[in-house]
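**Student:** build me a structure from this.
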Amino acid sequence: MNGKKYVDLDAALEAEKAETKSRWDLVIDYFLPGHGNAYGDRTLQDHEWDVFDRTGVDALRDFGAGIYSHTVNINSPWFTLRMNDPELDESPQVKDALTNAAKALYRKLQNSNLEQALTQLFTFFGAFGTGVLYVDVVDGKFRFNNYSPTCVNLTEDEHGMVNKVMRTFQETAVNAYARWGDGCSQEIVEAATSKESTQKNRKFQFLHVVCKRDDNERDAEAKNKENKEWASYYIEKQKGHIVEEGGYDSLPYMTPRFYRHDESVWGQSPAIAHTDTMAMLCKIRYDIAEHAEATLFPPVFTDDQEAVDNNLLSMRPRAINYYKSKDGTPPFALSPGQGRLAETLQFYQDTVQKVRNAFFADLFLHQMDDDPNRTATEVMERKTERGIRIAPVIVNVETELFGPLVMRCLSLAVEHGFVDEFPEVLQGQEYEVSYTNRLASMLSRSEMQGAMQAIEECARISELFQTFPLLSEKLNPDEVIDSIMESYNVDTDFTRDPKETEQIRQAKQAEMQRQEQAALQANAVDKIKPNEPIQEGSPLAELQEATG
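**Tutor:** Numbering: from 1, shown residues only. Next up is the predicted model:
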């Protein structure tokens, strides 16, 4: 197979990405300065640097740390496994197998470089709107590699799922030859075997393509890599020559996207949305610095042209300027500072906070309003609102990153013997990943807070119906309570089925009737029998004693 078609496709996709990459250049300037030609061929010298404000850099750093710490805790389990089939999921045997597999998998992840890779991934995720993470097993351990989307191209299927990943990278001739040997082109072989170090270290571009194989291109029963579901090709870009063909059982690249637009495969990030805001912040910061400098070193007005021409005026601190007084007129005058600095500083601070909040700093750093009069309910509502804002982002992360990551690692763990073989009943079954991280707990607490508020309102309604019985003649208590539960979006698992509720009420009514009947019987007075003596302690004996 000739790899030229993939090289041509990559070139076409790269041309389509030109506008996106121009926006990424601004993102690098304002949010990732100092990386230079780590992103493509651009260098720091290619651009005029007017970045006087580091709000974007700090906000992106806090975002990456916040997403990581709220979704992954490498020191404790942050996910569990369960079956798609509810009946299987309730089986004790299945639960034990999934629990043991999750624990074994988690221990392997702890001993990998996942923490380091995810920290960098979330930084790229917040900056470019797209992250690229690769995972495979190397030397008996999971190995994760994080890549910038600037060196990657993607395609999607009709369902919006990534079905092809193409990553461009460079290798020296000697390293390429050590990896692929005579599979390299003659040009690389000659460079690698040359006696000149410049030739040995000459760099060549390669393309790693991972895509689905058509059913007619593979033998599904074969176990070799050339017949796996996902094809892998390493290609010399200049020659279009395939140096290695392999395959994977599942896509080894995870590509989470931030916000999605239908017309693009790339995510839209807070950094992309706020490059203009950062440009304005840099301009304001520059103006404030100029104002401060003008205040410390104000412009000078003088009528002594000779002193100016001969540089005889010194503006250094404690400088002494000698001059001859002319009618008591000073040799020069200083212009007072101009401008409304207080209003400018307030506008600057407000804009800084908007940028930071775009990266969810108010959620991750738990920034609260300094209002002591807020009730506990209002504080919880504000936390809920912040959690709701980031929920769509977390859904994308779980769908396109953590879910595929756990499933691929689980598959690799079974293949390499990191976990025990699953029972036969689980063979071929589908699994789900359930998350137990900090953010999931926060959103769960928000749902419970809503349920508690609904219960409190229902309790008040119940008291009203008891206090004013006439209300039940006009209003249906069950319908009122159901409406309250629906308005707070209370989980239906929390509420009983109407038939079950009716059965409980009937059982309670029957029990009350039984208790009332028992009480009547206990308090009933037996008939007096005249031929029998009065029993001591009986009501009749007490009456006789009282009357003498």
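**Student:** please make it C-alpha for all contacts and neighbour counts, starting now.
**Tutor:** Will do.
**Student:** which neighbouring elements make contact with the helix or strand containing Phe301?
**Tutor:** Per DSSP states H and E, Phe301 falls inside strand 300-302. Counting contacts by 3 or more Cα pairs under 8 Å, 6 or more residues apart in numbering; DSSP states H and E, strand 300-302 is packed against strand 332-334.
**Student:** buried residues, the helix or strand that the strand it packs on is followed by. List them.
**Tutor:** Using DSSP H and E, the helix or strand that follows strand 332-334 towards the C-terminus is helix 341-358. Residues of helix 341-358 classed as buried: Tyr348, Thr351, Val352, Gln353, Lys354, Val355, Arg356, Asn357, Ala358 (neighbour count, 16 or more other Cα atoms under 10 Å).
**Student:** how near is the residue lying closest to the third one once chain neighbours are set aside to Gln93?
**Tutor:** The reference is to Val352. Nearest non-adjacent residue to Val352, counting by Cα to Cα, 6 or more residues apart in numbering: Thr55, 6.5 Å away. In this structure, Thr55 and Gln93 are 53 Å apart, going by Cα to Cα, to the nearest Å.
**Student:** these two - which one has more neighbours?
**Tutor:** Thr55 (19 against 12; other Cα atoms under 10 Å).
**Student:** so the more buried one makes contact with Gln353?
**Tutor:** No - the pair Thr55 / Gln353 is not scored as a contact, 9.0 Å apart, by Cα atoms under 8 Å.
**Student:** report the buried residues of the helix or strand hosting Ala507.
**Tutor:** Under the criterion of DSSP H and E, Ala507 resides in helix 498-523. Neighbour counts over helix 498-523 (16+ other Cα under 10 Å) mark no residue as buried.
**Student:** name the element Tyr323 belongs to?
**Tutor:** Using DSSP H and E, no helix or strand contains Tyr323.
**Student:** so what's the residue count around it?
**Tutor:** Per other Cα under 10 Å, the neighbour tally for Tyr323 reads 12.
**Student:** ok, now Leu154?
**Tutor:** Per other Cα under 10 Å, the neighbour tally for Leu154 reads 19.
**Student:** is it in contact with Val265, as I believe?
**Tutor:** Yes - using Cα under 8 Å, Leu154 makes contact with Val265 at a distance of 7.0 Å.
**Student:** please enumerate the helices of the stretch 401-548 of the chain.
**Tutor:** 403-415, 438-467, 471-474, 477-487, 498-523, 539-547 (DSSP state H, counting those that start in this stretch).
**Student:** so which of these gets nearest Tyr233?
**Tutor:** Tyr233 lies closest, by Cα to Cα, to one member of the helices of the stretch 401-548 of the chain: helix 403-415, at 19.4 Å.
**Student:** which parts of that closest one are buried?
**Tutor:** By neighbour count with 16+ other Cα under 10 Å, helix 403-415 contains the buried residues Gly403, Pro404, Leu405, Val406, Met407, Arg408, Cys409, Leu410, Ser411, Leu412, Ala413, Val414.
**Student:** and those residues, which two are the farthest apart?
**Tutor:** Put simply, by Cα to Cα the two of these set farthest apart are Gly403 and Val414, 16.7 Å from each other.
**Student:** now do Phe402 against Lys17, distance only.
**Tutor:** In terms of Cα to Cα, Phe402 sits 26 Å off from Lys17.
**Student:** oh sorry, the question was meant for Asp215
**Tutor:** For Asp215, the distance to Lys17 - Cα to Cα - is 30 Å.
**Student:** look at the two and report which has more neighbours.
**Tutor:** Ranked by neighbour count (other Cα under 10 Å), Asp215 and Lys17 place Lys17 first, with 16 against 10.
**Student:** show me where the stretch 51-200 of the chain has strands.
**Tutor:** 79-83, 132-138, 141-147, 152-156, 162-172 (DSSP state E, counting those that start in this stretch).
**Student:** wait, which of those is closest to Val7?
**Tutor:** Comparing these under Cα to Cα, the one sitting nearest is strand 162-172, at 9.2 Å.
**Student:** now do the buried residues in that closest one.
**Tutor:** Buried residues in strand 162-172, defined by neighbour count with 16+ other Cα under 10 Å: Val162, Asn163, Lys164, Val165, Met166, Arg167, Thr168, Thr172.
**Student:** ok, and what's touching that strand?
**Tutor:** By Cα atoms under 8 Å, 6 or more residues apart in numbering, the residues outside strand 162-172 that reach it are 10, 151-157, 200-212, 253, 255.
**Student:** give me the buried subset of the residues you listed.
**Tutor:** Among the contacts of strand 162-172, those classed as buried by 16+ other Cα under 10 Å are 10, 151-155, 200, 202-203, 206-212, 253, 255.
**Student:** can you tell me how far the spatially most central residue of the chain is from Arg260?
**Tutor:** Geometric centre of the chain, nearest residue: Ile394, 4.3 Å, by Cα atoms, centre = their mean. Taking Cα to Cα as the measure, Ile394 falls 13 Å from Arg260.
**Student:** now do Gly450
**Tutor:** 29 Å.
**Student:** can you check Glu290 too?
**Tutor:** 40 Å.
**Student:** with Met512 instead?
**Tutor:** 60 Å.
**Student:** mind putting the buried residues of helix 341-358 into JSON lines with pLDDT and distance to Tyr435?
**Tutor:** Listed next are those as JSON lines, based on pLDDT from 0 to 100; distance: Cα to Cα, whole Å:
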{"residue": "Tyr348", "pLDDT": "91", "distance to Tyr435": "39"}
{"residue": "Thr351", "pLDDT": "92", "distance to Tyr435": "35"}
{"residue": "Val352", "pLDDT": "93", "distance to Tyr435": "33"}
{"residue": "Gln353", "pLDDT": "91", "distance to Tyr435": "31"}
{"residue": "Lys354", "pLDDT": "92", "distance to Tyr435": "30"}
{"residue": "Val355", "pLDDT": "93", "distance to Tyr435": "29"}
{"residue": "Arg356", "pLDDT": "92", "distance to Tyr435": "27"}
{"residue": "Asn357", "pLDDT": "90", "distance to Tyr435": "25"}
{"residue": "Ala358", "pLDDT": "91", "distance to Tyr435": "25"}
